[in-house]
Every structure is written in C-alpha cells, then in structure tokens.
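J.: What would the 3D arrangement of this be:
(2 chains)
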Amino acid sequence: MIKFQGVHKWFKDLHVLNDINLHVKQGEVLVVCGPSGSGKSTLIRVVNKLEPIQKGRIVVDGNDLAAGETDINLLRAEIGFVFQQFNLYPHLTVLNNITLAPLKIRKLSRSEAEGQATALLERVGLVDKRDAYPAQLSGGQQQRVAIARSLAMKPKIMLFDEPTSALDPEMIGEVLQVIQGLAHTGMTLMVVTHEMGFAREVADRVVFMDYGVILEEAAPEELFRNPRHERAQLFLREVLSPMH
Amino acid sequence: MFNYHFDWAIVTSGQYAQWLLSGIMVTIELSVVAIILSFLLGLIIAVMRMSHVKPILWFAHAYLEFFRNTPLLVQIFFWYFGPYKILPQVVNDWLNTTNFEFSAAVIAEDLRSGVRAIPKEQLEAAQSSGFSYLQSMYYIILPQAVRMAIPPLINQFLNLTKNSSLAMTIGVAELTYQARQVESYTFKGLEAFTAATLVYLALSVVITWMMTL
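T.: The predicted model follows:
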C-alpha cells in the first residue's frame, strides 16, 4: 500500500530521512517510534507529500508521488492525516469541520454528508457536540473530531502524527480506543506514537527510528522483548519505565 | 458675539437641501461601489501576493508599490487625464471616481497579514483533506483571515468613504462638491459644511456598526 524505496530527505544540512526502505502492506497497522528528532514525523509527512523528498521513490496505492500523472490532491483525499495539534478549522462547527471536504471534494449532497458525519460522531462518541466549535471542546474531544473529519473522506490509509502527545493523560485512552477501533476495520494505518502499550496491543509491526534511519523493524512482542540495537534498547527502557 | 446670522433652513429644505441630498446619494453610491470593488480586488491581489509563481508575485508587488507610494490625489488626476481615457467613458468614470484601486492595495496587505496570522497547520490540514491550494484559501484560510483583518478593514472602508470627497476634484457632484456649491451660492459655508460633516460622521458610524455586527 505504501512503499518507500531508498528515500532521502534533508532539511538544509540535516539528513532527516536516510535511505528509508519500507513496505506497509494493505490493512497493516504500523507503529513508528523513536526519540524526538529521529525523523519519525517526517516519515509519515512525506507519504501525503506535506514534505517533499529529495531522493528515492514513494509509491502510495500504486501512485508514484513524483510521477507527473499523479494528482496529489486526488491522492490526498484517499489518505487521512491526523495531527498532533488536531488542526480543526476554528471558524467552523464540529459538523461543518467534518462535512466540508465531503461536500466540496466528494460532491456529496448536504443531507448525505450530514448523515455520514452524524454516524462518524456516534462512532467517536461526540454526537452531542455536533454544533459546538472546536474551542469549546477538550483536547481529547478535538482529536476525536479530527479523526472523524479524516474518516469522512473514506480514506484507504490513515496517518497519525503523535495523535496523543498534546493530550492530558486522562484523555489519551479515549483517542487510542478510536484508533484501535479503526485497526480492526482493515484500514492501513501508520501511527507515530510513544504509547508502547498501544503499539503492543494494536500494531502488526513496529519500526524504530533514530537519526533518520530505520534501526529496527519487527513485530511488537519481538521488538519489546529483544531489541537488537543499542539505541532501541535505551529508548524502550526510557519509554516503558520512565521512572526506572 | 460675532456677527453671523445662522440660517439652518438652507440645509434642511428647499433647493439647496436638494443639492446636498443628491450629493449624499452620490457619496453613498461611490462608497458602496468602492468598498465592494476594493475588497474583491484586494482579495485577488492578496492571493497573488502569496503565489509561488514569480510573474504573478511580481505583478502583485508592482501593484502594491505603485498605489501605496503615490499620493491619492495625484493618482486621481493621473488616471483621469491618462490611461483610462482609452476605456469607455462609463468605465473611466467609475474607475476614477471610486478611487478603489488605492484602497485595494492597502486591503490586500491587511488581508495578507490576516493570512499570515493563521497557523500554517491550517493549510496543511486542508491540503491533507485533498483541497488544492486555492480551495484551501477560499474555504479555510481566507474566512479566518478576513475575521482577523476586520479592524484594519474597518479603517480602510472609512478611508474609502471619506476619500470619496476627493472625486470633487474631477467634477463629481458628491457631497463635498455640493456643499461647496451651496456655499458659493449662499455664502452659508458654515451651515453647508456642518451638514456635510454630520453626514460623513453618520456614514462612518453606520459602516463601523455594520462591520462589527
């Protein structure tokens, strides 16, 4: 579903992605972890071309991102993206946040779009907030709306960029539950997260990155029990028991 | 006290009141048209100004520099005696008398700072949903930017309304022109311009009120 072949990216002199080769299969749930600055967010931001790459090839659902015939806007409509800071549209109600793209891009009728949005809000447990504005919601609620907004486009792939890192601890669970629910629907997911409990339960495969390089790539149990790379061992020790 | 005989009836009834009234109508017409045109043109210039296509960017820059850096009155004469002469008379009149081109430049900059105040993540979120750059601007960025820009926009709309008085210099019979006329015919300048002042004040208050609704 998502193929990285020899992908390199630099920010000025900083080599943020260094020879990435990775294949995310259809329906797979891939968790990406690593210390901050390791390039893990960049790894998913290049999938929908929020960031360009300088070398290598990325093929998403059969479309080469660099190819002239690939319409990036069309492709992005098939790829949901959930941000750390939610990035809801503050001037629109929850309902309009969710229906905007289906109305304007998918050309759904208003009643179709609203029906679908209501169903999604039910799924994330926020039907009663449909007429609220983002600023009136807690962080966890905003993130659930953001997920509903992405799902409204019926994407084939969902990308999550540290979806719980900006949340108060008591709100992390509600968001992870929603993502976990998605994992069971057979959607292809790439999730950047520090939530190792989530990775262990939901991920098919975990990728560990540092300095722009993929250092480990394994099933969660295997990676957690027996990290081969020293930096992965160090990182896992930190995140699994921050107090030692 | 000083030896001036007030005659307010001049501005409240009869022939001269008629003149002032017709001046008021022209001023309102000029202002409304100018506000609409300058806002639309300002939007276009603002979007051009943020384009990544070099020639578009240069054009927007040139436009801004030209209109921001030359006196409004000179612009009015320049266009009146100059380039617009090749256009049909009606178009020429409208372009000149509303002097919206100058305000469009200022409005474009107001809107651009409004856009810059919107976090870039809003654009990322919009584009991630599959919106093109222009669609993202139209549906997500500009609606927020316009809200941000309302205080400077109010200022600029008031300027437009007040600057419509400059159109008298090229013979447009708006409110200031008519007040001058009344003064010439009656020597009652104080009354005539008191009336004009109050009308401009009222117009400005109404515009401000409408913008803050």
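
J.: So residue A:89 is in contact with residue B:140, correct?
T.: Yes: with contacts defined as C-beta atoms under 8 Å, residue A:89 counts as touching residue B:140 at a distance of 5.6 Å. Where you see a C-beta, it was placed from the backbone N, CA and C, and this is true even at glycine.

J.: between those two, which one's more packed in?
T.: Neighbour totals were compared for residue A:89 and residue B:140, and residue B:140 leads with 24 against 21 (other C-beta atoms under 10 Å in any protein chain shown).

J.: Tell me who's in contact with that one.
T.: Contacts were defined as C-beta atoms under 8 Å, 6 or more residues apart in numbering or on different chains; by that measure residue B:140 touches A:89, A:100, B:122-123, B:125-126, B:131.

J.: got the contact list for the closest residue to it other than its chain neighbours?
T.: If the residues on either side of it in the chain are set aside, residue B:140 comes closest to residue B:126, at 4.4 Å by C-beta to C-beta, 6 or more residues apart in numbering or on different chains. Shown in contact with residue B:126 (C-beta under 8 Å, 6+ apart): A:89, B:135-136, B:139-141.

J.: element containing residue A:140?
T.: For residue A:140, the enclosing helix or strand under DSSP states H and E is helix A:139-151.

J.: Could you confirm whether that helix reaches chain B?
T.: Yes: with C-beta under 8 Å from any C-beta of the partner chain as the measure, helix A:139-151 is seen reaching chain B through A:149-150.

J.: Beyond that helix, next helix or strand please.
T.: From helix A:139-151 onward toward the C-terminus, using DSSP H and E, the following helix or strand is strand A:157-161.

J.: Check which helices and strands that next one sits against.
T.: The contact analysis (3 or more C-beta pairs under 8 Å, 6 or more residues apart in numbering or on different chains; DSSP states H and E) places strand A:157-161 against helix A:40-45, strand A:79-82, strand A:188-192.

J.: switch to 10 Å and redo it
T.: Identification of packing neighbours for strand A:157-161 by 3 or more C-beta pairs under 10 Å, 6 or more residues apart in numbering or on different chains; DSSP states H and E yields strand A:29-33, helix A:40-45, strand A:79-82, helix A:139-151, helix A:169-183, strand A:188-192.

J.: follow-up on the earlier one: which one of the contacts of residue B:140 is nearest residue B:210?
T.: Distance to residue B:210 across the contacts of residue B:140 (C-beta to C-beta) is lowest for residue A:89, with 25.5 Å.

J.: tell me which residues of stretch B:146-157 are tucked away?
T.: By neighbour count, with 16 or more other C-beta atoms under 10 Å in any protein chain shown as the criterion, the buried positions of stretch B:146-157 are B:146, B:148-149, B:152-154, B:156-157.

J.: Identify the farthest-apart pair in the residues you listed.
T.: Greatest spacing in these, by C-beta to C-beta: B:148 and B:157 (15.8 Å).

J.: Identify the residue nearest the geometric centre of chain B.
T.: For chain B, the residue whose C-alpha lies nearest the mean C-alpha position (C-alpha atoms, centre = their mean) is residue B:160; its distance is 2.8 Å.

J.: How far off centre is stretch A:49-59?
T.: Its chain's C-alpha centre and that of stretch A:49-59 lie 17 Å apart, by C-alpha atoms, centre = their mean, to the nearest Å.

J.: Actually, stretch A:43-62.
T.: Going by C-alpha atoms, centre = their mean, where stretch A:43-62 is centred and where its chain is centred differ by 14 Å.

J.: buried residues in it?
T.: Going by neighbour count (16+ other C-beta under 10 Å), the buried part of stretch A:43-62 is A:43-51, A:53, A:56, A:58-60.

J.: Let's have those in CSV, adding pLDDT, distance to residue B:199 and secondary structure.
T.: As requested, these are arranged in CSV below (pLDDT from 0 to 100; distance: C-beta to C-beta, whole Å; DSSP: H, G, I helix; E, B strand; the rest coil):
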residue, pLDDT, distance to residue B:199, secondary structure
A:43, 96, 64, helix
A:44, 95, 61, helix
A:45, 96, 57, helix
A:46, 96, 61, coil
A:47, 96, 61, coil
A:48, 93, 56, coil
A:49, 94, 56, coil
A:50, 94, 53, coil
A:51, 94, 56, coil
A:53, 94, 62, coil
A:56, 94, 68, strand
A:58, 96, 64, strand
A:59, 96, 68, strand
A:60, 95, 63, strand
